[in-house]
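Enquirer: From the sequence below, what's the structure:
(chains A and B)
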Amino acid sequence: MKCTVCRGPAVIDIRRHNAYFCPEHFLRLCRDQVAKAIADFAMFELGDRVLVAVSGGKDSLAVWDILVELGYNADGFIIGLGIGDYSAASTQHARAYAAARDLTLLEVDLPTRYGYDIPAGAKAARRTPCSACGLSKRHLFDKAAIDGDYDVVVTGHNLDDEAAVLLGNVLHWHTEYLGRQSPVLPARAGFPKKVKPLVRLGEREMAAYCVLRGIDYIVEECPMADGNRHLHYKDALNAIEARSPGAKFDFYHRYLMNVAAAFRVDEADDVLGSCERCGASCSNEICAFCRLVERATTPQPVALGPRRRRGPHATHDRSIVEEHSP
Amino acid sequence: MKILLRNPRREVEFDGPLQVDVILRRLAIDRETVLVIIDGTLVPGDALVGADAVVEVRPVISGGTG
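Expert: Below you'll find the predicted structure:
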């Protein structure tokens, strides 16, 4: 295979572009696509203080790297989620990346700072691990951006992530979520502006970017993500993409271009109160994050009473057997 | 050649040389969902992999949304 741009040896093909790229021109393509997304959606400008939500995975480290390469003033922020060895390894990858490039990485450790980890928090709050994780991340990224006076929070959501979320929202006609699905969420009272500069790049491209840039990211999948419904949506979209290259890009970007406005809700004028405990903007007396912390750190009462036996020898089952015996 | 797979980690061996696309077909892996890496370098689908090579097939699909 030869690079479509320079005819040198290619290392990767991108089927939706029907093109092959050498390392130099692939890296340029990635930077150009991010620059185009930032400009097209008015995400931020040179000189703005940017906070990148970092996980130690390919997408967040790649977007941080690209922003720094493009000349933006970008710091990283990582949350220690307490998901066993996985979280420790993720944090190490992020620290190593930042240290090697002399970049600022802010850190918060959930177990140390708030007294819970994601597995225990999810169980106590009766949420899925991904739900408890997402809620914790959103709250702490918002808080870090506001406390640190950053202009914008950047997340590493890529084209595959956004197309999968869109498919899920369309399949179930979650119109409220459709209205909020955008590469840019404007700042509003108590919430920072949030943007997704990778919406023009797929996750294979982000992994390739990291390999070609020598970025050592965590390759292992989060152990709590097993069964995540977005993986099923990605499988479905990848099956369509295999037959119809470019379908995923068109599905998402033509939605943004032609349909999204019909679902958009103006949240700028929403009147929100403040959480009694942490002061974050919210619509209840206590915000969802503080409720999660409370449930995760408060011993739960144990119901006492006669022990029930389960299985074929349980008292109830035996009585039924006896009743119907000849 | 030795093929290193992830999630879960495992190894398989094939006799070589083989083209990358052939390796992926034998493993029933959609090449759009992985990168093929030899000695830290990306390898395209039409590359011929030698009999003694160590090949990493790295998945790129992540469950999180970010």
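
Enquirer: interface residues of the stretch 51-200 of chain A facing chain B?
Expert: Residues of the stretch 51-200 of chain A lying near chain B by Cβ under 8 Å from any Cβ of the partner chain: A:53, A:55, A:57-60, A:130, A:133-134, A:155-157, A:160-161, A:164-165. C-beta: built from backbone N, CA, C; applies to glycine.

Enquirer: show me where chain B has helices.
Expert: Under the criterion DSSP state H, chain B carries helices at the ranges B:20-26.

Enquirer: now B:L24: how far from B:V55?
Expert: Distance, B:L24 to B:V55, by Cβ to Cβ, to the nearest Å: 10 Å.

Enquirer: And A:A89, by the same measure?
Expert: From A:A89 to B:V55 the distance is 23 Å (Cβ to Cβ).

Enquirer: So these two - more neighbours on which side?
Expert: B:V55 (22 against 15; other Cβ atoms under 10 Å in any protein chain shown).

Enquirer: Now the more buried one: closest residue in space, sequence neighbours ignored.
Expert: The shortest distance from B:V55 to any non-neighbouring residue, by Cβ to Cβ, 6 or more residues apart in numbering or on different chains, is to B:I3 (5.0 Å).

Enquirer: Please look at that neighbour and B:R9 and confirm they touch.
Expert: No - at 11.8 Å, B:I3 does not count as touching B:R9 under the criterion of Cβ atoms under 8 Å.

Enquirer: What is the longest strand of chain A by residue count?
Expert: In chain A, ranked by residue count with DSSP state E as the criterion, the top strand is strand A:73-80.

Enquirer: Now find how far off-centre stretch A:105-114 is within its chain.
Expert: When C-alpha coordinates are averaged (Cα atoms, centre = their mean, to the nearest Å), stretch A:105-114 and its chain have centres 18 Å apart.

Enquirer: coming back round to it: which residues are in contact with each of B:L24 and B:V55?
Expert: Residues touching both B:L24 and B:V55 by Cβ atoms under 8 Å, 6 or more residues apart in numbering or on different chains: B:V36.

Enquirer: Distance check, the residue nearest the centre of chain B against B:A28.
Expert: By Cα atoms, centre = their mean, chain B has its centre lying nearest to B:V57, at 2.9 Å. Look at B:V57 and B:A28: by Cβ to Cβ, they are 12 Å apart.

Enquirer: repeat for A:Y217
Expert: Taken as Cβ to Cβ, the span from A:Y217 to B:A28 is 26 Å.

Enquirer: These two: which has the busier surroundings?
Expert: Using other Cβ under 10 Å as the criterion, A:Y217 and B:A28 rank with A:Y217 on top: 21 against 6.

Enquirer: quick one, strands of the chain?
Expert: You didn't pick a chain, so chain A it is. Using DSSP E, strands in chain A cover A:12-14, A:19-21, A:49-54, A:73-80, A:105-109, A:152-154, A:184-185, A:193-195, A:273-274, A:281-282.

Enquirer: looking at chain B here, not the other one
Expert: Using DSSP E, strands in chain B cover B:2-5, B:10-13, B:18-19, B:34-38, B:41-42, B:48-49, B:54-59.

Enquirer: For A:G227, find the nearest of those strands.
Expert: strand B:54-59 (16.5 Å; Cβ to Cβ).

Enquirer: Paired strands for that closest one, with orientation please.
Expert: strand B:2-5 (parallel), strand B:34-38 (antiparallel) (DSSP bridges).

Enquirer: can I get the CA coordinates of it in CSV?
Expert: Output in CSV follows, covering the C-alpha atoms of strand B:54-59 (Å, rounded to 0.1, in the frame of the first residue of the first chain):
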residue,chain,number,x,y,z
VAL,B,54,5.8,-11.7,16.9
VAL,B,55,2.6,-10.0,15.9
GLU,B,56,0.4,-8.0,18.3
VAL,B,57,-3.3,-7.8,17.3
ARG,B,58,-4.5,-4.9,19.4
PRO,B,59,-8.2,-4.2,19.8
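
Enquirer: residues in contact with that strand?
Expert: Contact with strand B:54-59 is made by A:207, A:211, A:219, A:221, B:1-7, B:20, B:23-24, B:27, B:29, B:33-39, B:43, B:49, as judged by Cβ under 8 Å, 6+ apart.

Enquirer: Name only those of the residues you listed that count as buried.
Expert: Buried members of the contacts of strand B:54-59, counted by 16 or more other Cβ atoms under 10 Å in any protein chain shown: A:207, A:211, A:219, A:221, B:1, B:3, B:5, B:20, B:23-24, B:33-38, B:43, B:49.

Enquirer: where does chain B have low pLDDT?
Expert: For chain B, the stretches with pLDDT under 70 are B:63-66.

Enquirer: Which positions in it make contact with chain A?
Expert: B:6-7, B:30, B:32-35, B:37, B:40-46, B:58-66.

Enquirer: what's the closest non-adjacent residue to whatever residue of the stretch 1-150 of chain A ends up closest to chain B?
Expert: Here the residue of the stretch 1-150 of chain A nearest chain B is A:V11; by Cβ to the nearest Cβ that distance is 4.1 Å. Distances taken as Cβ to Cβ, 6+ apart put B:L42 closest to A:V11, at 4.1 Å, once the chain neighbours are dropped.

Enquirer: And for that neighbour, the neighbour number?
Expert: Taking other Cβ under 10 Å as the definition, B:L42 ends up with a neighbour count of 19.

Enquirer: Look up the residues forming beta bridges with it.
Expert: B:I37.

Enquirer: again with A:D13
Expert: Beta-bridge partners of A:D13, as defined by DSSP bridges: A:Y20.

Enquirer: Quick check: it touching A:A19?
Expert: Yes - between A:D13 and A:A19 a contact is recorded at 7.1 Å, counting by Cβ under 8 Å.
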